[in-house]
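Student: I'd like to go over a predicted model; first the sequence, then the structure.
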Amino acid sequence: MCFGGKMPATAFSVRFARELDVDQLAMLMTGQNPTSERDGAELLSASGDAIRADIQCSSCGKFGARVVRSARSRASRAVLRQAHFRFVDPNGGNAHHPFCEFYGDDEDRSAQASLIDFGSEKSTETRAVRLLVCKGIEQGLFDQRRIRDMRQWFFDLKSGSRFTLTTSPEAISWTRALHRHPSYQRWTFHPVQAEMPAFNWKAAARYQFTEDHEHLFLLVRGVPIDDGSCRQAGELLRKHHQREVFDPTVLQRYYDAAVSLAAFVAVNGGIDIGKVRPESFRLKGAPVALLALCALVLFVSNWDMNAAITAFSRLLLAPAPSDLTLGNVIGLNPFHEYAAWRLVIVSGQVAAKSPGELDYNRQLAATEAALREQHRRWKEQQS
């Protein structure tokens, strides 16, 4: 719905071949600098047709953009809403693709979590990556058109594979509990063991739980799961339950490649990526800015790892860029929400193969009770 979607603060201009916000677009189209008295939206007020034909949604590539003016408090003059783009079809409806991240109902959200502003981010790894972005554009390895092409390619890839989301919230908690369970501990119970004077029934139950659910542990093994991805997975379920969504598993090959390249670059590139250790990228995720750049370099290298490493060598060995404003681009993290979506998918698979209720504590308590009953019967037979 055109009056209920997430409002993109930036969008892609075909004419200028770059990602722009409203003020930047106004400067390029009119040659005038926006001011507090006359902002970019007002400067563009007579350019509606040109904007609708030129500006694309950064996520799904649709046209139909309109400029929405910023809003200020009458009392304090504080900015209540930044100027942004709204995409409207000829009938006044939502022009975004239904799977677009801006096709939603969160009107207050204009910040794009899947985008990285290399011009304003202050983290160590983003500053390092920004320098490489400047070098890459200056050396002709890629440009903003290619960044836009990659975004469209990933969107088309995801939206081409769909399914109806039926996973329950309980499945997320169950899968998280299985992931935390010490599944590497293996021990076969025998009633005679419980004759030990300080026998640990809870430990025995955990061991038995491992034996009983080994087929489920195989499903979650190697899948990165943390509290953040669980929260995000729960939000996705609440928003999309019983609706058709894209299948994120189609990204796994590309995600694995980008993480592998990020780890290689972090170890061998001599760049400062902060405190995150490369060996933990697989389970904890790579720094988002570095992952975005690795995805871009792989994309322009046709996903050939050695070709991408060659491109990175050129980036790292190139002289300092003469124009640092080249890094003022909006860089894509094509794997935004990937971990959460993968958790949703895995949780559905785990739930489908799980016997009984999806409650870890109750299942563990039931396992302990069964072991105690087994021991009781064994003692009766011994007497």
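Tutor: That came in fine, so what should we check first?

Student: C-alpha only now, for contacts and for neighbours.
Tutor: OK.

Student: which parts of stretch 137-147 are buried?
Tutor: 137, 138, 141, 142, 143, 144, 145, 146, 147 (16 or more other Cα atoms under 10 Å).

Student: and if you look at stretch 151-169?
Tutor: For stretch 151-169, by 16+ other Cα under 10 Å, it's 151, 152, 154, 155, 158, 159, 165, 167, 168, 169.

Student: Just the ones of these in helices?
Tutor: 151, 152, 154, 155, 158, 159, 169 (DSSP state H).

Student: Tabulate those residues (CSV), appending pLDDT and distance to residue 359.
Tutor: As requested, those are exported to CSV (pLDDT from 0 to 100; distance: Cα to Cα, whole Å):
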residue, pLDDT, distance to residue 359
151, 85, 39
152, 88, 40
154, 89, 36
155, 87, 36
158, 84, 32
159, 83, 33
169, 92, 11
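
Student: Just the buried residues of stretch 137-147: which are in helices?
Tutor: Among the buried residues of stretch 137-147, the members falling in helices are 137, 138, 144, 145, 146, 147 (criterion: DSSP H).

Student: ok, so of those, who is nearest residue 360?
Tutor: Nearest to residue 360, judged by Cα to Cα, of those is residue 147 at 43.9 Å.

Student: And the pLDDT for the closest one?
Tutor: On pLDDT, residue 147 comes in at 83.

Student: what do you get for residue 329?
Tutor: 56.

Student: just the one 4 residues further on next, same as before
Tutor: At residue 333 the predicted local confidence, pLDDT, stands at 75.

Student: now swap in residue 356 and tell me
Tutor: Per-residue confidence at residue 356 stands at 84 (pLDDT).

Student: let's number from 760 now, not from 1
Tutor: Right, with 760 as the first residue, what we last looked at is residue 1115.

Student: how near is it to residue 962?
Tutor: 21 Å (Cα to Cα, to the nearest Å).

Student: More neighbours: which of the two?
Tutor: residue 962 (13 against 8; other Cα atoms under 10 Å).

Student: so where does the more buried one fall, helix or strand?
Tutor: Residue 962 belongs to helix 960-971 when assigned by DSSP states H and E.

Student: Tell me where this structure has strands.
Tutor: Remark: strands assigned in the chain by DSSP state E are 769-772, 777-780, 814-815, 824-827, 830-831, 838-840, 843-846, 874-876, 921-923, 1003-1005, 1089-1091.

Student: For residue 975, which of these is the nearest?
Tutor: Comparing those by Cα to Cα, strand 921-923 comes nearest, at 22.2 Å.

Student: how distant is that closest one from the center of its chain?
Tutor: Computed by Cα atoms, centre = their mean, to the nearest Å, the chain-centroid distance of strand 921-923 equals 19 Å.

Student: sorry, back to before: show me which of the ones in helices among the buried residues of stretch 910-928 is closest to residue 982.
Tutor: residue 928 (18.1 Å).

Student: what's that closest one in contact with, if anything?
Tutor: 993, 996 (Cα atoms under 8 Å, 6 or more residues apart in numbering).

Student: Next, the buried residues of the top helix by length along the chain.
Tutor: Secondary structure of the chain per DSSP H: the longest helix is helix 1119-1141. Buried residues in helix 1119-1141, counting neighbours by 16+ other Cα under 10 Å, are found at 1119, 1122, 1123, 1126, 1127, 1130, 1131, 1134.

Student: From residue 1011, how far out is residue 993?
Tutor: Residue 993 is 21 Å from residue 1011, by Cα to Cα.

Student: would TSV of the strands of the chain with distance to residue 1101 be doable?
Tutor: Formatted as TSV, the strands of the chain follow (distance: least, Cα to Cα, whole Å):
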stretch	distance to residue 1101
strand 769-772	28
strand 777-780	29
strand 814-815	28
strand 824-827	32
strand 830-831	38
strand 838-840	33
strand 843-846	29
strand 874-876	20
strand 921-923	13
strand 1003-1005	11
strand 1089-1091	19
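
Student: hang on, the earlier thing: with distance to residue 972 added, can I get the ones in helices among the buried residues of stretch 896-906 in TSV?
Tutor: Formatted as TSV, these follow (distance: Cα to Cα, whole Å):
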residue	distance to residue 972
896	51
897	54
903	49
904	49
905	46
906	44
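
Student: Tell me where the stretch 960-1109 of the chain has helices.
Tutor: Taking DSSP state H, counting those that start in this stretch as the criterion, the stretch 960-1109 of the chain contains helices spanning 960-971, 973-979, 986-999, 1011-1027, 1040-1043, 1047-1059, 1064-1076, 1097-1111.

Student: which one of those has the most crowded surroundings?
Tutor: Using mean count of other Cα atoms under 10 Å, the stretch among the helices of the stretch 960-1109 of the chain with the largest mean neighbour count is helix 1047-1059, at a mean of 24.

Student: one step back: specify which member of the buried residues of helix 1119-1141 is nearest to residue 1107.
Tutor: residue 1119 (15.8 Å).

Student: I'd like the buried residues of stretch 896-906 laid out as JSON lines, including distance to residue 1074.
Tutor: Formatted as JSON lines, those follow (distance: Cα to Cα, whole Å):
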{"residue": "896", "distance to residue 1074": "10"}
{"residue": "897", "distance to residue 1074": "10"}
{"residue": "900", "distance to residue 1074": "9"}
{"residue": "901", "distance to residue 1074": "11"}
{"residue": "902", "distance to residue 1074": "14"}
{"residue": "903", "distance to residue 1074": "16"}
{"residue": "904", "distance to residue 1074": "19"}
{"residue": "905", "distance to residue 1074": "16"}
{"residue": "906", "distance to residue 1074": "16"}
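
Student: Pick out the residue nearest the middle of this structure.
Tutor: Nearest residue to the geometric centre of the chain (Cα atoms, centre = their mean): residue 1095, 1.9 Å.

Student: tell me the phi and psi of that residue?
Tutor: According to degrees, to the nearest 10, the main-chain angles of residue 1095 amount to phi -50, psi 130.

Student: Fine, thanks again, bye for now.
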